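A.B. asks: pasting a predicted model and its sequence here:
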Amino acid sequence: DASGNIDGRQVTIDVEPTPDSLAPVFSSSEVNIDIDENSAQDDIVYTASASDDNDVIYTLKGDSEGLDINSISGEIYLTSSADYEAKPEYAFTVVATDSMGKESSQAVSLQITDIDDAAPTITSANSGTVDENIAADTVIYTATADDSADISDGVTFSLSGADADALTIDANTGEVAIKQ
C-alpha cells in the first residue's frame, strides 16, 4: 500500500498442456512403387507411416479405385488383381489425420509392370494335305501365330498329339517336317 506495508501469499498455478498443434509427420518413404501385373487381390502394395503425439488415422484421396487402406496400420492393398491393360498406374494421396483433426498428406505413385499374360493366337490353318511317300525332312506345314495382344518375347512352337512323334517342328519358325 502507500505506507509500504506488504502482504505475501503463495500462489500455485497449474499449467495445462496445450492441445497438439502439429500435424502428423510421414516417415514412410519410397513414394514411387512398381508392382507386377496380376498381383493378387489383398496384396499389400505400400505401407504409409506417420508419427504424432496422438493416434493417427489413414485415408486415401485421389485415384485410388482398386485400392483400399487399413485406417490404423496404413497398409494399402489391392481390392482386385492388378491389370496393366485396364489401369497401368495409380496416383493417389495418403492422408494422416490425428485425433485433434490435424492432417498431412503424402503423394504416392504406383506403376503396374506389364507382363506377358495373353496367350498367342494360332493364325495358320488347322489342316493341310501332303503327298504319299513324301521325302523325310520335307516341310509340310508352317505354323504361324499372333502374340500382339500384349508384350511378347516372341512365340515358340511345339507339337503334341498322337502323330507328334512322326514329325519335327522348328520351334522358332513353326516349320513342320516329316521325320527321317
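C.D. replies: Now that the structure is in, tell me what you want to look at.
A.B. asks: quick one: Phe26 from Glu75, how far?
C.D. replies: 15 Å (Cβ to Cβ, to the nearest Å). To be clear about C-beta, it is placed using only N, CA and C from the backbone, and glycine gets the same treatment.
A.B. asks: contact partners for the spatially most central residue of the chain?
C.D. replies: In the chain, the centroid-proximal residue (Cα atoms, centre = their mean) is Ile35; its distance is 3.7 Å. Applying Cβ atoms under 8 Å, 6 or more residues apart in numbering, one finds that Ile35 lies in contact with 43, 45, 82, 110-113.
A.B. asks: helix/strand/coil for the closest residue to Ala82 other than its chain neighbours?
C.D. replies: The shortest distance from Ala82 to any residue that is not its chain neighbour, by Cβ to Cβ, 6 or more residues apart in numbering, is 4.4 Å, and that residue is Ser39. Put simply, Ser39 is coil when judged by DSSP: H, G, I helix; E, B strand; the rest coil.
A.B. asks: can you tell me which residues contact Ser39?
C.D. replies: In this structure, Ser39 makes contact with 45, 78, 81-82, 112, judged by Cβ under 8 Å, 6+ apart.
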